[in-house]
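*Asks:* quick check, what structure comes out for this input:
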Amino acid sequence: MKLHYKGKYDLNPESLPHGEHMPGAVPFKEAKDSRQLSIIANAASVVIMVLLAVPAWFRCREYLLTSPFQMMFGAIASMLILFPHEILHALCFKEDVYLYTNWKQGLLFVVGPETMSKGRFIFMSLFPNLVFGFIPYLLGMLLPGLVFAVVLGILATGMGAGDYYNVFNAATQMPRGSRTYLYQFSSYWYMPA
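*Replies:* Prediction:
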């Protein structure tokens with residue numbers, strides 16, 4: 001994998017690196033641009049964080065009320081893992097991968113012109129959310145005094161909402177044995193020959 005930092009995304013899908021279309025490629029039924037994706041991901045993010053915060057409140061309430069510094073550090077850490085989150089996505093690529101920022105719409109993302117199996121795409125989408133979200137959240141729920149971990153887990157899991165959207169689309173639209181790739185700002189799947 002070779003990572004290229006491209007900076008601010010110019011909102012022009014044609015500027016994103018991509019390969020050629022594969023024969024018989026089928027576009028995903030998904031958000032058609034970064035604005036629509038941002039709306040979906042940010043709304044889902046809030047829902048996910050609330051769903052995780054409710055059980056955390058009941059499990060860790062006494063520690064949450066008495067550990068403001070741990071809460072603050074957990075929140076700060078969730079911001080500091082934005083780029084490492086994307087780096088973990090990038091590690092799942094085998095070839096060139098490009099990192100973009102879109103702060104105005106609340107997005108950071110990586111793209112690569114290579115194709116991926118359904119399983120590898122789902123793993124690539126979930127990997128950083130497991131490392132920075134689910135694992136710290138579960139650790140904080142098991143050991144309620146680790147307020148830092150539960151707060152980081154809630155926020156980092158919620159911040160992965162765009163990734164869960166990609167997983168949902170792949171899981172529900174890609175047939176077994178198919179491969180996927182990104183072309184401009186749209187995902188496609190195809191059956192290899």
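
*Asks:* please count neighbours and contacts with C-alpha atoms only from this point.
*Replies:* Will do.

*Asks:* run through the helices of this structure in chain order.
*Replies:* For the chain, the helices defined by DSSP state H occupy 34-66, 68-80, 82-90, 118-129, 135-142, 147-159, 161-173.

*Asks:* C-alpha coordinates for the helix or strand of the chain with the lowest mean pLDDT, CSV please?
*Replies:* Sorted by mean pLDDT, DSSP states H and E, the helices and strands of the chain end with strand 107-111, the least confident at a mean of 86. Below are the C-alpha coordinates for strand 107-111, written out as CSV (Å, rounded to 0.1, in the frame of the first residue of the first chain):
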residue,chain,number,x,y,z
LEU,A,107,-15.9,13.9,6.3
LEU,A,108,-12.4,12.4,6.0
PHE,A,109,-12.1,9.5,3.6
VAL,A,110,-9.7,7.3,1.6
VAL,A,111,-10.2,6.0,-1.9
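
*Asks:* list the contacts of that strand.
*Replies:* 16-17, 38, 82-83, 86, 89-90, 97-102, 182 (CA atoms under 8 Å, 6 or more residues apart in numbering).

*Asks:* and that strand, how far out from the chain's middle?
*Replies:* Strand 107-111 sits 8 Å away from the centroid of its parent chain (CA atoms, centre = their mean, to the nearest Å).

*Asks:* ok, stretch 93-106 next?
*Replies:* With CA atoms, centre = their mean, you get 11 Å for stretch 93-106.

*Asks:* that stretch: end-to-end distance?
*Replies:* Length of stretch 93-106, first residue to last, CA to CA, to the nearest Å: 23 Å.

*Asks:* again with stretch 2-14
*Replies:* End-to-end for stretch 2-14, by CA to CA: 21 Å.

*Asks:* got the buried residues for that stretch?
*Replies:* Along stretch 2-14, these residues count as buried under the neighbour rule (16 or more other CA atoms under 10 Å): 3, 9, 13.

*Asks:* got the contact list for that stretch?
*Replies:* 33-34, 90, 94-103, 184-185.

*Asks:* who wins on neighbours among the residues you listed?
*Replies:* Of all those, A90 has the most neighbours under the rule other CA atoms under 10 Å, reaching 26 neighbours.

*Asks:* residues in contact with that residue?
*Replies:* Per CA under 8 Å, 6+ apart, neighbours of A90: 1, 3, 97, 110.

*Asks:* tell me the pLDDT at the most centrally placed residue in the chain?
*Replies:* The centroid of the chain falls nearest to D163 when counting by CA atoms, centre = their mean (3.4 Å). Each residue has a pLDDT score; the one for D163 is 94.

*Asks:* is it true that it touches P128?
*Replies:* No - if you go by CA atoms under 8 Å, D163 and P128 don't touch, sitting 9.4 Å apart.

*Asks:* what's the distance between the closest residue in space to I40 that isn't next to it in sequence and S34?
*Replies:* Computed as CA to CA, 6 or more residues apart in numbering, the closest residue to I40 that is not its neighbour in sequence is G162, at 7.7 Å. According to CA to CA, G162 stands 11 Å off from S34.
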